[in-house]
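Asks: Below is the sequence, then the predicted model.
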Amino acid sequence: MLIQAALLALSFPQAPAAEATPKVNAESLPEARAGFTTQLVRQDRQESSLEAPPDGLFSLIHYDAPLGPTQAYVSKVAGPAPRPAIVWLTGGFPVARGGSVVWEPRGPGNEQSASAYRRAGIVMMFPTVRGTAMNPGNQEFMMGEVDDVIAAARHLATYECVDPGRIYLGGHSTGGTLALLVAESTDIFKAAFCFGPSDEFAGYGIEDPWPFDTGNPEEWRLRSPVHFLDGIKTPTFVIEGQYGSSYALRAFDAASDNPMVTNVIVPHADHFRPLDAINRLLSERIVDCGQKPFRVTGEEIVDAHRSFWSQRRRENDRRSISRAIDNGLELGALCRVSFKMGSHKRERLERGTAPLRGERFSLGPLTELIDEDGDPYFEIEASQVIHLTLENVDRLSSAAADCAGDHRLDSKRWSALAIF
């Protein structure tokens, strides 16, 4: 099921040219992989040790993976009472490699540490996998790593503080792809949350020097979750921003009618922006549902994202009004409020800001700048004369934010200039 709430009349990035995947998944992923051994043409390994976590946040442990003891971070919690837990898989290559991304917050627009679960009192496990952090074996890029993650979850279930019936699975980007492959391979998780996965492993680049036999189509197929969605037996939520790899979710929807799978395209979001807002919602639902089945709708996921960013915008507006007052403006004074709208693409900026005239904005001339990487960057100032009130500022900043979201523009914090 594909959720595209509030997306009517919006444009989407197009999928790479490929044949449509029919809604036929005759075999499960474990059945398809039975008897198959990936043929590695070279040995990819990380020989650097795993970074030690900060005191008090995580313990560095080993779990029994198929190839031998493998490292993981497990969050420290107070008290032995059984509580829910989540296995979270970090993105990038190599996938699930651990390191400071596990504990260092990057801000609400790119919160890859998924700290909302830890703050909610949910036990978090970040497993590393074969061939990373001096673990046994070689990197297989979405093959044997599936078995490692399942082994990590079984190890987590032995903890006194963990309720083995309330272990969840999550991951982002390549971690989301691995999480989806794991969800296709086992029903030990109560629910799975897969952010920004790829439908086909080839989407990561068919020309890259992968360590497996790239001439064998089965090597590609068995690493591609789009072919095995019908085998999922646990509630699985696949989530991506409209401006991320949302074509993958449309491919999933075209490939399977499995009611256990909910595909959610989040409006006005990229590959990273949904993480913090939606993980906050999911962590709350995990805590609230207890032993009952986990439930959340795609519409609720989209609404949570919208509400989170609207609230942050209003908080920023309040702070900006306070600064304006500190700088001599009076509340209710007549002033010109300006927003800088920007893009690396000139035509997109000109086309995207044009609708603001219908909201009574005045648009200044287009300015060409050079960004920090030496690339051309374009800006247009959109302004309007108002009485300085929170209600008026909220109306303008909401219009600017909607314009930026609809047309993939940057919208910088507003400024106010008194009119005497």
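Replies: Thanks, I have the structure now. Numbers count the residues shown, from 1 in each chain.
Asks: Show me what whichever helix or strand residue 348 is part of is packed up against.
Replies: When elements are defined using DSSP states H and E, residue 348 is found to belong to helix 346-353. Where contact means 3 or more Cβ pairs under 8 Å, 6 or more residues apart in numbering; DSSP states H and E, helix 346-353 is packed against strand 334-343, strand 376-387, helix 390-407. Quick note: C-beta positions are derived from backbone N, CA and C, even for glycine.
Asks: from the chain's centre, how far out does whichever helix or strand comes after it sit?
Replies: Beyond helix 346-353 in the direction of the C-terminus, DSSP H and E gives the next helix or strand as strand 362-363. If you compare the mean C-alpha spot of strand 362-363 with that of the full chain, they lie 35 Å apart, counting by Cα atoms, centre = their mean, to the nearest Å.
Asks: list the helices and strands strand 362-363 packs on?
Replies: Using 3+ Cβ pairs under 8 Å, 6+ apart as the test, strand 362-363 ends up in contact with strand 376-387.
Asks: So which bits of the strand it packs on are buried?
Replies: Of the residues in strand 376-387, those buried by neighbour count under the rule 16 or more other Cβ atoms under 10 Å are 377-384, 386.
Asks: tell me the two of the residues you listed that are most distant?
Replies: The most widely separated members of those, counting by Cβ to Cβ, are 377 and 386 (27.8 Å).
Asks: Nearest to residue 107 among the helices and strands packed on helix 346-353 would be which one?
Replies: Taking Cβ to Cβ as the criterion, residue 107 comes closest to helix 390-407 out of the helices and strands packed on helix 346-353, the separation being 17.2 Å.
Asks: returning to what we had before: now distance to residue 279 and mean pLDDT too, for the helices and strands packed on helix 346-353, in JSON lines please.
Replies: Formatted as JSON lines, those follow (distance: least, Cβ to Cβ, whole Å; pLDDT from 0 to 100):
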{"stretch": "strand 334-343", "distance to residue 279": "28", "mean pLDDT": "94"}
{"stretch": "strand 376-387", "distance to residue 279": "31", "mean pLDDT": "95"}
{"stretch": "helix 390-407", "distance to residue 279": "20", "mean pLDDT": "93"}
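Asks: between the ones you listed, which gets nearest to residue 247?
Replies: In this view, those are compared for proximity to residue 247 by Cβ to Cβ, and helix 390-407 is the closest at 18.6 Å.
Asks: Just give the number of residues close to residue 89.
Replies: The local packing count at residue 89 equals 30, with neighbours defined by other Cβ atoms under 10 Å.
Asks: any idea how far it lies from residue 96?
Replies: 5 Å (Cβ to Cβ, to the nearest Å).
Asks: now residue 402
Replies: Distance check for residue 402 against residue 96: by Cβ to Cβ, it reads 37 Å.
Asks: hang on, the earlier thing: would you turn the buried residues of strand 376-387 into TSV with distance to residue 227?
Replies: Supplementary listing: the buried residues of strand 376-387 in TSV, determined by distance: Cβ to Cβ, whole Å:
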residue	distance to residue 227
377	41
378	42
379	45
380	45
381	49
382	46
383	52
384	52
386	55
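Asks: okay, and the common contacts of residue 89 and residue 96?
Replies: Where contact means Cβ atoms under 8 Å, 6 or more residues apart in numbering, the residues bridging residue 89 and residue 96 through contact with each are 126-127, 149, 171, 175, 178.
Asks: so which of these comes closest to residue 294?
Replies: Out of these, the one with the shortest distance to residue 294 is residue 171. That distance is 16.7 Å, counting by Cβ to Cβ.
Asks: Which neighbouring elements make contact with the one helix or strand that closest one maps to?
Replies: With secondary structure defined by DSSP H and E, residue 171 is part of strand 162-172. Strand 162-172 is packed against strand 83-89, helix 144-156, helix 174-183, strand 192-195, helix 274-289, with contacts defined by 3+ Cβ pairs under 8 Å, 6+ apart.
Asks: of all those, which lies closest to residue 59?
Replies: Taking Cβ to Cβ as the criterion, residue 59 comes closest to helix 144-156 out of those, the separation being 12.0 Å.
Asks: before we move on, the earlier item: residue 345: which of the shared contacts of residue 89 and residue 96 is nearest?
Replies: Comparing the shared contacts of residue 89 and residue 96 against residue 345 with Cβ to Cβ picks out residue 175 as the nearest, at 30.0 Å.
Asks: wait, what's in contact with the closest one?
Replies: Under the criterion of Cβ under 8 Å, 6+ apart, the contact list for residue 175 reads 88-91, 95-96, 195.
Asks: Distance to residue 338 and pLDDT for these - can I get that in JSON lines?
Replies: What follows is the contacts of residue 175, written out as JSON lines (distance: Cβ to Cβ, whole Å; pLDDT from 0 to 100):
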{"residue": "88", "distance to residue 338": "41", "pLDDT": "98"}
{"residue": "89", "distance to residue 338": "43", "pLDDT": "98"}
{"residue": "90", "distance to residue 338": "40", "pLDDT": "96"}
{"residue": "91", "distance to residue 338": "37", "pLDDT": "95"}
{"residue": "95", "distance to residue 338": "44", "pLDDT": "93"}
{"residue": "96", "distance to residue 338": "45", "pLDDT": "93"}
{"residue": "195", "distance to residue 338": "35", "pLDDT": "98"}
